[in-house]
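> sharing a sequence plus its predicted fold:
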Amino acid sequence: EAQVTQNPRYLITVTGKKLTVTCSQNMNHEYMSWYRQDPGLGLRQIYYSMNVEVTDKGDVPEGYKVSRKEKRNFPLILESPSPNQTSLYFCASSTGTTNNEQFFGPGTRLTVL
Amino acid sequence: EDQVTQSPEALRLQEGESSSLNCSYTVSGLRGLFWYRQDPGKGPEFLFTLYSAGEEKEKERLKATLTKKESFLHITAPKPEDSATYLCAVQGSSYKLIFGSGTRLLVRP
């Protein structure tokens, strides 16, 4: 089954404790992306990757890191999480950079205390 | 700066009552405008891509149209299962995607 998986689905952590949210897709997609979704603000793109070893900043990259060492995986790293990073996070992938029929993962709800 | 504004924020319809959702945008070098549907607690689900002014796409009770400044999502004779949040996004000359804050649609039986 074609899908985007994210882990963990729910996470409660404390300020400053490094964490990684994994994202994996099994569709051989080139384009992958991370978003955060907050009430009233909609979906905001954090980082995106057009292919292996190619990443670029979205609209809200501060406080986040990403890497794309393999085509299928695109982890999101919060090296020193803060309470303002409490949010619902989505990973997405698509076949190309302009054909943006993006497939979204189920979401990761992160709470930083 | 690329920007997307959706209206209304929320819309309540009776089953069968047709209506339209609006997505106004400003973008440098439009590569595409996208519509997604999002159900509570789930990731967005792709509906349409529109690439140039005048283009239209249809899927069941939904029809999306595009002009140089806005897009409309027309919902004809909606059913309760059409209740969801509808998201509009644009991609400009960079490869970033900019989303609007969405329209929450409730269709009552």
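Arrived safely, thanks for sending.

> in chain A, which strand is the longest?
strand A:42-51 (DSSP state E).

> excluding chain neighbours, give the residue nearest to the residue of chain B found nearest chain A in space.
Proximity to chain A, evaluated over chain B using C-beta to the nearest C-beta, is greatest for residue B:43 at 3.0 Å. No exception for glycine: its C-beta is placed from N, CA and C like everyone else's. Of all residues not flanking residue B:43 in the chain, residue A:104 sits nearest, at 3.0 Å (C-beta to C-beta, 6 or more residues apart in numbering or on different chains).

> show me which positions of stretch B:69-86 end up buried.
Buried residues in stretch B:69-86, defined by neighbour count with 16 or more other C-beta atoms under 10 Å in any protein chain shown: B:70, B:71, B:72, B:73, B:75, B:78, B:82, B:83, B:84, B:85, B:86.

> average pLDDT for stretch B:94-109?
In this model, stretch B:94-109 has a mean pLDDT of 92.

> hmm, that stretch touching chain A?
Yes: with C-beta under 8 Å from any C-beta of the partner chain as the criterion, chain A is reached by stretch B:94-109 at B:94, B:95, B:96, B:97, B:98, B:99, B:100, B:101, B:102.

> residues contacting the residue lying closest to residue A:19 once chain neighbours are set aside?
Using C-beta to C-beta, 6+ apart and skipping the chain neighbours, the partner closest in space to residue A:19 is residue A:78 (5.2 Å). The contact partners of residue A:78, taken as C-beta atoms under 8 Å, 6 or more residues apart in numbering or on different chains, are A:18, A:19, A:20, A:21, A:63, A:64, A:65, A:85.

> ok, and what's touching the helix or strand in which residue A:11 is found?
Using DSSP states H and E, residue A:11 sits in strand A:10-13. The contact list for strand A:10-13 (C-beta under 8 Å, 6+ apart) reads A:19, A:21, A:81, A:108, A:109, A:110, A:111, A:112, A:113.
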